[in-house]
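Student: quick one, what's the 3D model for this:
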Amino acid sequence: MPKPPFKLVAIIIIIGVIAVFSWQSWQQNHDQIPSDFASGNGRIEADQVDVTTKYAGRVKQLFVQEGDLVSVGQILATMDTILLDAELAQAQAQLAQTHASVIEGEAVVKQRESELKLARLEYERVLLLAQTGSISQSSADQKQTVFATANAALAAAKAHTNTLRQSVNAAKAAVTRIQTQIDDSTLTAPVMGRVLYRLAQPSEVFPSGGKVLTLINLGEIYMEVFL
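Tutor: Next comes the predicted model:
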């Protein structure tokens with residue numbers, strides 16, 4: 001087979017070199033950013049939110065996995081509340097008992113008020129008779145003592161009933177405190193986001209403030225750009 005002429009080969013090589021330089025020049029011109037624009041690079045980021053235990057305890061259930069999308073208020077995990085439930089039942093029983101004691105104390109106050117009213121009437125009647133000399137002064141003095149005793153008994157009954165009312169308030173506070181601890185044992189999502197890390201397993205014991213889950217807050221997404 002005859003070889004192609006040398007001039008033809010040279011022309012083809014020259015055309016190829018020109019084409020390469022032309023393509024590079026065109027590419028550089030099209031990649032060049034106009035003077036009115038700035039260039040840079042960056043990354044999209046979001047805040048991380050830790051879901052932690054408020055009180056020390058054992059993890060009972062976990063309802064999400066890594067990568068799950070969660071909404072605000074969604075239940076993510078629950079802690080074991082067996083002991084708290086028992087304490088709540090005891091506190092509620094104590095509250096009921098103190099309520100009954102207050103009712104009983106109020107009944108005693110009414111009884112003492114009736115006794116005082118009767119003692120006052122008798123003392124006033126005897127006092128008039130003693131002043132006219134119909135009865136001895138010692139009889140009047142006895143009725144006066146009964147009246148004073150009834151008055152003191154009423155004051156004591158009222159003070160005791162007020163103390164019982166304070167006990168009711170204390171029992172209510174105990175019920176509220178334990179119920180709040182039980183409510184806080186249900187861990188919910190504070191933000192809309194995605195589960196980044198699941199740091200606990202059921203039956204694990206965590207201290208107060210222990211991290212159970214880490215979420216990516218999709219409501220606070222931002223980009224850092226480096227010019």
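
Student: for stretch 172-180, the distance to its chain's centre please.
Tutor: Computed by Cα atoms, centre = their mean, to the nearest Å, the chain-centroid distance of stretch 172-180 equals 13 Å.

Student: touching that stretch from outside, list them.
Tutor: Around stretch 172-180, the neighbours that count as contacts under Cβ atoms under 8 Å, 6 or more residues apart in numbering are Leu84, Glu87, Leu88, Ala91, Gln92, Gln94, Leu95. To be clear about C-beta, it is placed using only N, CA and C from the backbone, and glycine gets the same treatment.

Student: what residues sit buried inside it?
Tutor: Lys172, Ala174, Val175, Ile178 (16 or more other Cβ atoms under 10 Å).

Student: okay, that stretch in PDB with CA atoms only?
Tutor: Extracted C-alpha coordinates of stretch 172-180, given in PDB (Å, rounded to 0.1, in the frame of the first residue of the first chain):
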ATOM      1  CA  LYS A 172     -51.300  18.600  95.800                       C
ATOM      2  CA  ALA A 173     -47.800  19.900  95.200                       C
ATOM      3  CA  ALA A 174     -46.300  16.400  95.700                       C
ATOM      4  CA  VAL A 175     -48.800  15.000  93.200                       C
ATOM      5  CA  THR A 176     -48.000  17.700  90.700                       C
ATOM      6  CA  ARG A 177     -44.300  17.200  91.100                       C
ATOM      7  CA  ILE A 178     -44.400  13.500  90.500                       C
ATOM      8  CA  GLN A 179     -46.800  13.900  87.600                       C
ATOM      9  CA  THR A 180     -44.500  16.400  86.000                       C
END
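
Student: tell me the mean pLDDT over it?
Tutor: Averaged across stretch 172-180, pLDDT comes to 95.

Student: cool, and stretch 158-167?
Tutor: 92.

Student: list the buried residues in it.
Tutor: In stretch 158-167, counting by 16+ other Cβ under 10 Å, buried: Lys158, His160, Thr161, Leu164, Arg165, Ser167.

Student: apart from its neighbours in sequence, what residue is nearest the third one?
Tutor: Of all residues beyond its chain neighbours, the one nearest Thr161 is Gly105 (3.6 Å), with distances taken as Cβ to Cβ, 6 or more residues apart in numbering.

Student: same question, the fifth one
Tutor: In this structure, Arg165 finds its nearest non-sequential neighbour in Val102, 5.7 Å apart by Cβ to Cβ, 6+ apart.

Student: using the three-state scheme, assign the one you found.
Tutor: For Val102, the assignment made with DSSP: H, G, I helix; E, B strand; the rest coil gives helix.

Student: need the contact list for it.
Tutor: Val102 neighbours (Cβ under 8 Å, 6+ apart): Thr161, Leu164, Arg165, Val168.

Student: just give me the closest of those residues to Ala119.
Tutor: Thr161 (20.0 Å; Cβ to Cβ).

Student: and the nearest residue to Val72 once chain neighbours are set aside, what pLDDT?
Tutor: Sequence neighbours aside, Met192 is the residue nearest to Val72 in space, at 5.4 Å (criterion: Cβ to Cβ, 6+ apart). Listed pLDDT for Met192 reads 93.

Student: my read: Met192 touches Ile221, true?
Tutor: No: Met192 is not in contact with Ile221 according to Cβ atoms under 8 Å; the separation is 11.0 Å.

Student: neighbour-wise, which of these two wins?
Tutor: Set side by side, Met192 and Ile221 show more neighbours around Met192, with 17 against 11, by other Cβ atoms under 10 Å.

Student: still on that earlier bit, I'd like the next helix or strand past the strand or helix carrying the residue nearest to Thr161.
Tutor: Using DSSP states H and E, Gly105 maps to helix 82-132. Next in sequence after helix 82-132, counting helices and strands by DSSP H and E, comes helix 137-184.
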